[in-house]
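Asker: sequence unavailable; structure follows:
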């Protein structure tokens, strides 16, 4: 049963989160040699003045993005080196944890060559590093693995090692299925993300840290930061860093490799497919470890909120939790459209919540978390946190709205035949969308406030004003009956709220490539609360020219309150030029059918009756 929880942070006032046992933190660094001779750069953060008899639990974080930067003298004078990452680490350590930050092999100051992401060797390194931690004089032999984005997947994949010292995992803002969650959402090439992400990683492999892709900011940051921090300034370690830089130049090219992918089972170099390094393929192994996992994402975090849901549904271990908030990628800012621009900084104490989780599972401290429902989610438009014991929450059932006559969104079938949309290569969700969020090098606020300017590029289906407030929580599903002369189309569907003054509020969206429309529950790789598509080559189906064909796919999950007097709108287009690959070059007509024999509709997960 779902329970409403008032205000912004349901745990505020319940417990005292911080127990600042220590006042200061000291940093030391070393190389740890792996089984094959590869040396891994490791930073160790410990409380200053730690008693020799005191043993601490450890937090292990493995990153591809530099465990620590080398700051120039000018940055130290300006105190620019007091960055937010260090403040987070210090908070964990002062609360009684050792924090171990690692450059994964083939990155930063670590040696080795990268042939893929989250390689088997990188995963094995995780087990050896955990074992190394347990042998340190300060260790109590309990370890948590944590991460965000790439580093979260690194943490998740470490669980396949089933090391007995690992007691908990915090997996934030990260993929579960490499193909559908990031590289090819809905089977469509995520061009903008991939190009920027590959570029930034290429810079890192050259030991440059570009915090921005604009020239002015590049120059500014180069004056302050000089690549990755060496393990030490002694000759041997500096020589190892130079050796690492030479090796990293041989790392595989991310962009060219991923551009080869069209289907889930397409082969990359060395016979590798995306599923070879995708967490969903290891869910049973991870589940068998019995480790509690905190899955974490935001409504505006690309498709990663769906990934967090799927992780939670498919890796069922005691103590696991799911949280979905009004955040962008990494949760640094709220992307709630009803929050003023001056208040974009997130109010949520994520580190405090992580401490509650780790204190429970590594220190056995009862802090109220064990009494709460495992699912927490934020309802946009209502400004309220809620909790549930399942996802989707109970009592939310699908209610159908038909894409109908005269571009109305209505409850009843009609006899009108079809609506016509001419494919448009200029449509976009903008360069500050949820898809921008995941490589937001310009630090833009995630917003869709200009989405109304795209109305002329889309076909719109709008309901009459609502007679009551309507909460939509879960995974909307769109089913279209279409015909076209093109064998392959990309379909972008947006769910929106139209205020009575005409203002358009973005709610969520679904993206899908029509060649992947075949559905089969028998071929599911994991449990999902929405229609399953394999995205494999053998299931690919071209559209037959002029033939009416059904296409059904999910919109990304959301919790949103539509207000009384406002309308529900569905808008459809065939491109998102700022974010995804665009095709075909020639425009074509798309007919959307909504007569008695062929019903195009959207199903919304609601717990009250839709009334207009």
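Answerer: Noted; the coordinates are in hand. All figures in this text were calculated on a predicted structure; none of them were measured in a lab.
Asker: what is the burial count for residue 357?
Answerer: Around residue 357 sit 23 other residues, with neighbours defined as other CB atoms under 10 Å. For glycine as for every other residue, the C-beta is placed from the backbone atoms N, C-alpha and C.
Asker: which residues of the protein score low on pLDDT?
Answerer: For the chain, residues meeting the criterion pLDDT under 70 lie at 1-16, 73-84, 209-225, 341-346, 406, 413-416, 584-585.
Asker: okay, which residue is most central for it?
Answerer: residue 304 (2.9 Å; CA atoms, centre = their mean).
Asker: measure residue 594 to residue 174 for me?
Answerer: Per CB to CB, to the nearest Å, residue 594 is found 39 Å from residue 174.
Asker: contacts only, for the nearest residue to residue 292 once chain neighbours are set aside.
Answerer: Nearest in space to residue 292, with sequence neighbours left out and distances taken as CB to CB, 6 or more residues apart in numbering, is residue 319 at 3.1 Å. Residue 319 makes contact with 168, 292, 360, 361, 370 under the criterion CB atoms under 8 Å, 6 or more residues apart in numbering.
Asker: which stretches in the stretch 301-450 of the chain count as helices?
Answerer: Taking DSSP state H, counting those that start in this stretch as the criterion, the stretch 301-450 of the chain carries its helices at 304-314, 350-362.
Asker: before we move on, what about the chain?
Answerer: Across the chain, reading from the start of the chain, the helices by DSSP state H fall at 73-77, 84-94, 120-134, 150-158, 178, 191-205, 215-224, 235-248, 254-258, 283-289, 304-314, 350-362.
Asker: can you put these in a markdown table and add distance to residue 267?
Answerer: Formatted as a markdown table, the entries for the helices of the chain read as follows, by distance: least, CB to CB, whole Å:
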| stretch | distance to residue 267 |
| --- | --- |
| helix 73-77 | 44 |
| helix 84-94 | 37 |
| helix 120-134 | 17 |
| helix 150-158 | 21 |
| helix 178 | 14 |
| helix 191-205 | 18 |
| helix 215-224 | 36 |
| helix 235-248 | 25 |
| helix 254-258 | 10 |
| helix 283-289 | 23 |
| helix 304-314 | 23 |
| helix 350-362 | 38 |
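Asker: re the thing from before, does the residue nearest to the centre of the chain really touch residue 297, like I thought?
Answerer: Yes. In this structure residue 304 lies within contact range of residue 297 using CB atoms under 8 Å: 4.6 Å.
Asker: what sits in contact with each of those two?
Answerer: Counting by CB under 8 Å, 6+ apart, the shared contacts of residue 304 and residue 297 are 173, 174.
Asker: if we can go back for a sec, right, so of the helices of the chain, which gets closest to residue 407?
Answerer: Set against residue 407 and scored by CB to CB, the helices of the chain come closest in helix 304-314, at 28.2 Å.
Asker: what packs against the closest one?
Answerer: For helix 304-314, the elements it packs on are helix 283-289, strand 293-298, strand 321-325, judged by 3 or more CB pairs under 8 Å, 6 or more residues apart in numbering; DSSP states H and E.
Asker: now it and strand 321-325, what's the angle there?
Answerer: Orientation of helix 304-314 against strand 321-325 (axes from the mean of the first three to the mean of the last three CA atoms, to 10 degrees) gives an angle of 160 degrees.
Asker: what's the angle from helix 304-314 to strand 293-298?
Answerer: With the same axes, to 10 degrees as the criterion, the two stretches helix 304-314 and strand 293-298 enclose an angle of 160 degrees.
Asker: wait, residue 362 touches residue 144, no?
Answerer: Yes. With contact taken as CB under 8 Å, residue 362 and residue 144 are classed as touching, separated by 5.8 Å.
Asker: these two - which one has more neighbours?
Answerer: Just comparing residue 362 and residue 144: by other CB under 10 Å the higher neighbour count belongs to residue 144, 26 against 20.
Asker: next up, the contacts around the more buried one.
Answerer: With CB under 8 Å, 6+ apart as the criterion, the residues that contact residue 144 are 57, 58, 59, 60, 166, 167, 168, 169, 170, 358, 361, 362.
Asker: quick one: it from residue 293, how far?
Answerer: 11 Å.
Asker: and the nearest residue to residue 58 once chain neighbours are set aside, how many neighbours?
Answerer: Nearest-residue entry for residue 58: residue 98, 4.3 Å, with adjacent residues in sequence omitted and distances by CB to CB, 6+ apart. Residue 98 sits with 23 neighbouring residues when counted by other CB under 10 Å.
Asker: could you measure residue 98 against residue 444, distance?
Answerer: For residue 98, the distance to residue 444 under the criterion CB to CB works out to 36 Å.
Asker: ok, residue 400 next?
Answerer: If you go by CB to CB, the gap between residue 400 and residue 444 works out to 36 Å.
Asker: what about residue 177, neighbour count?
Answerer: Neighbour number of residue 177 under other CB under 10 Å is 25.
Asker: and the residue lying closest to it once chain neighbours are set aside, what is it in contact with?
Answerer: Leaving aside its sequence neighbours, residue 177 sits nearest to residue 280 (CB to CB, 6+ apart; 4.7 Å). With CB under 8 Å, 6+ apart as the criterion, the residues that contact residue 280 are 176, 177, 310, 314, 525, 526.
Asker: for residue 280, give its distance to residue 313.
Answerer: Distance of residue 280 to residue 313, given as CB to CB: 11 Å.
Asker: any shared contact partners between those two?
Answerer: With contacts defined as CB under 8 Å, 6+ apart, the residues adjacent to both residue 280 and residue 313 are residue 526.
Asker: wait, which of the helices of the stretch 301-450 of the chain is closest to residue 462?
Answerer: Per CB to CB, nearest to residue 462 of the helices of the stretch 301-450 of the chain: helix 304-314, 25.8 Å.
Asker: let me know how buried residue 23 is, in neighbour terms.
Answerer: The local packing count at residue 23 equals 9, with neighbours defined by other CB under 10 Å.
Asker: with residue 453 instead?
Answerer: Residue 453: 11 surrounding residues under other CB under 10 Å.
Asker: mind listing what it touches?
Answerer: Neighbours of residue 453 in contact, by CB under 8 Å, 6+ apart: none.
Asker: check residue 322 too.
Answerer: Listed by CB under 8 Å, 6+ apart, the contact partners of residue 322 are 295, 296, 308, 309, 312, 374, 375, 376, 377, 391.
Asker: check contacts around residue 573.
Answerer: Shown here is residue 573, whose contacts under the criterion CB under 8 Å, 6+ apart are 421, 424, 427, 454, 457, 458, 459, 491, 492.
Asker: biggest separation within those, which pair?
Answerer: Greatest spatial distance in those: 454 and 491, 15.1 Å, computed using CB to CB.
Asker: more neighbours: which of the two?
Answerer: In this comparison of residue 454 against residue 491, neighbours counted by other CB under 10 Å, the higher total goes to residue 491 at 25 against 20.
Asker: surely the more buried one is in contact with residue 480?
Answerer: Yes. With contact taken as CB under 8 Å, residue 491 and residue 480 are classed as touching, separated by 7.1 Å.
Asker: for residue 351, see how far away the spatially closest residue to residue 358 that is not a sequence neighbour is.
Answerer: With sequence-adjacent residues excluded and distances taken as CB to CB, 6+ apart, residue 358 is closest to residue 144, at 5.3 Å. Going from residue 144 to residue 351 by CB to CB gives 13 Å.
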